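> I'd like to go over a predicted model; first the sequence, then the structure.
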Amino acid sequence: MYGRSLKAMAAALLMGSSAMTLAANDGQSRANQLLSDPDYRQAWQKVVKKEERLPEWVMNLSGSAEQMNAVTQDGDPYLVGPLCENEQACSTQRLIVAVSFDKKHAYALLVEVPAGLPTDKSPARHADFRYLGKPDTEIQALLKEQLKKDPNWY
């Protein structure tokens, strides 16, 4: 009986520390700051290594970024957030980045909308989508869901 309660307490502590880690990281990072961490840099380099014709700002995760959010996909925690070359370019080019908390996996969705698209035209219907890092269908859905949170995306 003592052994069971000790195991239950240990499990509760582990779950509590995982929740605190999620809360502590929620919104604390931006995609343009990720490469300052050597582990995230290594994960991102694996993503872009075999890709062709990527803009420099995508390769280097440089530009204008909003805070990333902690989300869970199939029980695995990720930091997810948008990046643009600059604020003005967000209407035509943006990158949605997802990195795992264990810093081993990185994925992205590069979204390109034709420049000069009339405001009465839906960017979602005219956009080109390019996934980076070979995300599975669940991660693809996670990236697209983040894109849909933008009020200018319809």
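Received it, and whenever you're ready, just let me know what you need.
> can you pull out the strands in the chain?
Here the chain has its strands, by DSSP state E, at 64-65, 69-73, 76-84, 93-100, 106-112, 128-132.
> how about those, which one is nearest Lys144?
Nearest to Lys144 among these is strand 106-112 (6.8 Å), distances taken as CB to CB. Yep, even glycine has a C-beta here, placed from its N, CA and C like the rest.
> where are the low-confidence patches of the protein?
For the chain, applying pLDDT under 70 flags the ranges 1-27.
> and the residue nearest in space to the middle of it, how close does it get to Arg53?
Centroid check for the chain by CA atoms, centre = their mean gives Ala98 as the closest residue, at 2.2 Å. Taking CB to CB, to the nearest Å as the measure, Ala98 and Arg53 are separated by 22 Å.
> equivalent analysis for Gly133, please.
16 Å.
> more neighbours: these two, which one.
Gly133 (20 against 5; other CB atoms under 10 Å).
> list the contacts of that one.
Residues counted as contacts of Gly133 (CB atoms under 8 Å, 6 or more residues apart in numbering) are Lys46, Val47, His105, Ala106, Tyr107, Ala108.
> ok, now Ser36?
Contact criterion CB under 8 Å, 6+ apart gives no residues in contact with Ser36.
> for the spatially closest residue to Val47 that is not a sequence neighbour, grab phi and psi.
Using CB to CB, 6 or more residues apart in numbering and skipping residues adjacent in sequence, the residue nearest Val47 is Gly133, 4.1 Å away. The phi and psi torsions at Gly133 (degrees, to the nearest 10) take the values phi 90, psi 10.
> Leu109 contacts Leu142, correct?
No: using CB atoms under 8 Å, Leu109 makes no contact with Leu142, being 9.3 Å away.
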